[in-house]
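Engineer: Any chance you could fold what I've pasted below:
(chains A and B)
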Protein chains: 2
Amino acid sequence: MSTHPFDEAVALQPQADGSFQGRTSPAYANMIGPYGGITAAQCLQSVLAHPQRLGDPVSLTINFAAALADGPFIARPRPARTNRSTQHWIVEMLQGDEVVITATVFTAVRRETWSGHEARMPQVPRPHDTPRTPRHGVEWLNRYDMRFLEGSIPQEWKGAENASSLTRLWVRDDPARPLDFASLTALADVFFPRVWLRRAKLTAIGTVSMTVYFHADAAHLAAASSGYLLVQAQGQGFGGGYFDHAGQLWDEAGRLLATTHQVVYYKE
Amino acid sequence: MSTHPFDEAVALQPQADGSFQGRTSPAYANMIGPYGGITAAQCLQSVLAHPQRLGDPVSLTINFAAALADGPFIARPRPARTNRSTQHWIVEMLQGDEVVITATVFTAVRRETWSGHEARMPQVPRPHDTPRTPRHGVEWLNRYDMRFLEGSIPQEWKGAENASSLTRLWVRDDPARPLDFASLTALADVFFPRVWLRRAKLTAIGTVSMTVYFHADAAHLAAASSGYLLVQAQGQGFGGGYFDHAGQLWDEAGRLLATTHQVVYYKE
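Structural biologist: Purely as a prediction, here's the structure:
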């Protein structure tokens, strides 16, 4: 049995000094450098693989300080503070002597409490009743089965302004793969840039910071298995070269798995 | 003329090693330790005061690793990566040898581009037509003039479950003070815990991570001056001891100044 491309991409080699070596993955190549979602997954993986790690991820913020060059990188996770059942991590990823990624991760041993998710999955057709959306271009798009319901990438770049940048789609790894914290993190970055949808105009972009809040524990992720996720994102502020979006990810059963935000540079 | 309590609270003394010393402020005391918003403002201020700082804040993520003890702290901002017009900072705040705060800040020299904020201010009564909401208890509440429109703190803790945790209010510093990046950051944490509103039940809570995306530049902040901000926040996921909320902050003229989200521990 061959290894799933996602598992190959997030494989990290522990180094003698406690850091990890990884490599950018040609299977997840973007226009320039790798897909940001796979970098975020590799970053989280360096914490998950750390021998001192306590509990499961609750939040992750990753900052894209520079475009990664194709090739090896070093991830340096450091537990800045360990409490009884929670832990705060600082992660830096480097290529040569240059920092390319900074991140903070919060992990915790979660306990049963009152629960009641307020962000409900919208009523939409089921994934198997939704045709797969053909997407061409950069390599990482081939790693996901996407089925757009609303807010598809513009077919024509007419420069006509859209009032809403809401996008909704069903998505899963292709080939299908049981969900885990790393692959959920990668899926949180699956949205094409909101400014392209608003303006129907291609402009150079780059995510500068992405946050993921995890609302699922390992048992919930196991229950989601290799099913589709319904994911959506919508822009909030656009100006002065930066926009942000807010998004949500649910499993097929309608359970909220994660919420996510990011702020993105755009050129014009 | 006496100094505004906010300016006293965010005053930092540069140290020989490039770090800054500050003190928790009794004027912004919370139940245990200081109001998180003032700690976030102090954290950002350490970057703003740094001689190598390039540009204005675009995003801030602060992680509350431990309750701050009343007294002095050290803030250590470090530029992890400086590009031509952008900069990525890692900040740690310490008391004794213990890390109490980790943070990342992204600053940039912003340029004029296409703009079009999508998160619009809801139609609400004007601040001067909205009565000031009396709030008692912890000291920091006295530093803000709050005028609730929706989702006030429960008057009775009946344990009746509310479907929505949306809160909207007008708010400004008291006494009034011209808005800047640090005070806007503090205002982004002004929401009482969403889980209290959902459940009408007091449970122990603590923010573990907060992010602010700045959609205003210095000129926009100057235009907002010392007017009221309309701020709102709503919870998304609640379970396993953590909930998150997403929020927006507009000036009186309806211009989006910032978006914010946070994830919060709750005990039961």
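Engineer: The residue of the stretch 1-150 of chain A found nearest chain B is in what secondary structure piece?
Structural biologist: Closest contact between the stretch 1-150 of chain A and chain B, by C-beta to the nearest C-beta, is at residue A:115 (3.3 Å). All C-beta spots, glycine's among them, are computed from the backbone N, C-alpha and C. Here residue A:115, judged by DSSP states H and E, is contained in no helix and no strand.
Engineer: which residue packs closest to it, ignoring adjacent ones?
Structural biologist: residue B:239 (3.3 Å; C-beta to C-beta, 6 or more residues apart in numbering or on different chains).
Engineer: what's the pLDDT at the residue of the stretch 1-150 of chain A closest to chain B?
Structural biologist: With respect to pLDDT, residue A:115 scores 96.
Engineer: picking that back up, who's the residue nearest to residue A:115 bridged to?
Structural biologist: residue B:242 (DSSP bridges).
Engineer: Per-residue pLDDT of it, please?
Structural biologist: 97.
Engineer: How about the one 4 residues further on?
Structural biologist: Listed pLDDT for residue B:243 reads 98.
Engineer: Could you pull up the contacting residues of it?
Structural biologist: Going by C-beta atoms under 8 Å, 6 or more residues apart in numbering or on different chains, residue B:243 touches B:193-195, B:235-237, B:263-264, B:266.
Engineer: hmm, 6 Å instead?
Structural biologist: Neighbouring residues of residue B:243 by C-beta atoms under 6 Å, 6 or more residues apart in numbering or on different chains: B:194-195, B:235, B:264.
Engineer: Get me the contact residues on the stretch 1-150 of chain A for chain B.
Structural biologist: A:58-59, A:61, A:63, A:65, A:80-81, A:88, A:90, A:99, A:102, A:104, A:106, A:110-111, A:113, A:115-119 (C-beta under 6 Å from any C-beta of the partner chain).
Engineer: Quick check: longest helix in chain A by residues?
Structural biologist: helix A:36-48 (DSSP state H).
Engineer: Name the residues of the helix or strand following that helix that are buried.
Structural biologist: Using DSSP H and E, the helix or strand that follows helix A:36-48 in sequence is strand A:56-64. Across strand A:56-64, burial judged by 16 or more other C-beta atoms under 10 Å in any protein chain shown covers A:56-64.
Engineer: Next, the angle strand B:56-64 makes with the very next helix or strand once past strand A:56-64.
Structural biologist: Next helix or strand after strand A:56-64 toward the C-terminus (DSSP H and E): strand A:72-82. Inter-element angle recorded for strand A:72-82 and strand B:56-64: 50 degrees (by axes from the mean of the first three to the mean of the last three C-alpha atoms, to 10 degrees).
Engineer: tell me which residues in strand A:72-82 are buried?
Structural biologist: So for strand A:72-82, counting by 16+ other C-beta under 10 Å, buried means A:73-77, A:79-82.
Engineer: quick one: low-confidence parts of the stretch 1-150 of chain A?
Structural biologist: A:1 (pLDDT under 70).
Engineer: And the strands in chain A?
Structural biologist: A:13-14, A:20-23, A:56-64, A:72-82, A:86-95, A:98-108, A:144-150, A:167-173, A:205-214, A:229-239, A:242-251, A:256-266 (DSSP state E).
Engineer: just checking, what packs against the last one?
Structural biologist: To tie it back to what came earlier, the one meant is strand A:256-266. Here strand A:256-266 touches strand A:205-214, strand A:242-251, going by 3 or more C-beta pairs under 6 Å, 6 or more residues apart in numbering or on different chains; DSSP states H and E.
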